[in-house]
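Participant: show me how the following folds:
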Amino acid sequence: MSLGLYVSVPFCRTKCSYCNFASDVFSRSVFQRYVDRVCADIERATETVAQMDGRNERIVDSIYLGGGTPTVLDMAQLQRLFVTIKQNCEVEPEAEITVECAPGTLNAAVIEALQQCGVNRVSLGVQSFVEREIRRDLRKYVSGVKQARAELLAATERLSAFDRPVLVAWAAEDRVMPVAHGRRLAQLIPRCRFVEIHDSYTLIPEDQPAVLSAHIRQFLVDEAAMSAA
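Facilitator: Coordinates of the predicted model:
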């Protein structure tokens, strides 16, 4: 049986109000000590399992770095984690390798480094559907973005090279992020399906959960059918 690895990186730039995970804001001086310990534990995994009369599988079909926000680590620290895993496990060629990210931690250099590590999936999950919390943390993110305008524009232009399927669901009545923004975003992404959810006033259309869920399910069904064709 193949093994699925989960590595927790419990560090964040800021602690979101709705997050109940074991994560917090720490000095960067702690990061290296934590990475050293995780790598040491990985290297000793076979010995540790043997002491418990267990069996340590070496074949790995999935790796997930969660947190926290793993991409707050230096790229050398992230690379060391992946190198240690690959030196001590047999990672299958088609393994799903995921890293959780926060939008403010992603730039061209980080994305390139993740690709070099073999990462083929980025998780940008929704952590809250409470409107007040979503908007408060959106303001926190926007005010904390330090990239120059030119860099942000360049990142936008690279969307045209993204070749994976994307669903963009937009609340038609949202006044903070008008639906015109969603239409422009969808036009930048080649394989994008844009859906406008009417009678929805929230940043994420959670005030129309049945409609949103239906669109997501149909999108997954359609993409699965296209992949199988």
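Participant: by mean pLDDT, flag the weakest helix or strand of this structure.
Facilitator: Using mean pLDDT, DSSP states H and E, helix 131-144 stands out as the lowest-scoring helix or strand of the chain, at a mean of 63.
Participant: so the residue nearest to Thr84 when sequence neighbours are not counted is in which element?
Facilitator: Spatially, and ignoring its direct neighbours in sequence, Thr84 is nearest to Cys39 (4.3 Å; CB to CB, 6 or more residues apart in numbering). C-beta: built from backbone N, CA, C; applies to glycine. In the assignment (DSSP states H and E), Cys39 maps to helix 29-43.
Participant: who touches the longest strand along the chain?
Facilitator: In the chain, taking DSSP state E as the definition, the longest strand is strand 90-100. Residues from elsewhere that reach strand 90-100, judged by CB atoms under 8 Å, 6 or more residues apart in numbering: 2, 58-71, 78, 85, 114, 117-125.
Participant: now do the SS call for the closest residue in space to Ala171 that isn't next to it in sequence.
Facilitator: Nearest residue to Ala171, sequence neighbours excluded (CB to CB, 6+ apart): Ser200, at 3.7 Å. Assigned by DSSP: H, G, I helix; E, B strand; the rest coil, the conformation of Ser200 is coil.
Participant: Ser200 and Ala172, how far apart?
Facilitator: 6 Å (CB to CB, to the nearest Å).
Participant: more crowded one of these two?
Facilitator: Set Ser200 next to Ala172 and count neighbours by other CB atoms under 10 Å: Ser200 wins out with 21 against 16.
Participant: check contacts around that one.
Facilitator: Ser200 neighbours (CB under 8 Å, 6+ apart): 171-174, 207-208, 211.
Participant: how much space is there between it and Ala210?
Facilitator: Distance from Ser200 to Ala210, by CB to CB: 11 Å.
Participant: okay, now Val179: neighbour count?
Facilitator: Neighbour tally, Val179, other CB under 10 Å: 17.
Participant: tell me if I'm right that it and Val195 touch.
Facilitator: No - Val179 is not in contact with Val195 according to CB atoms under 8 Å; the separation is 10.6 Å.
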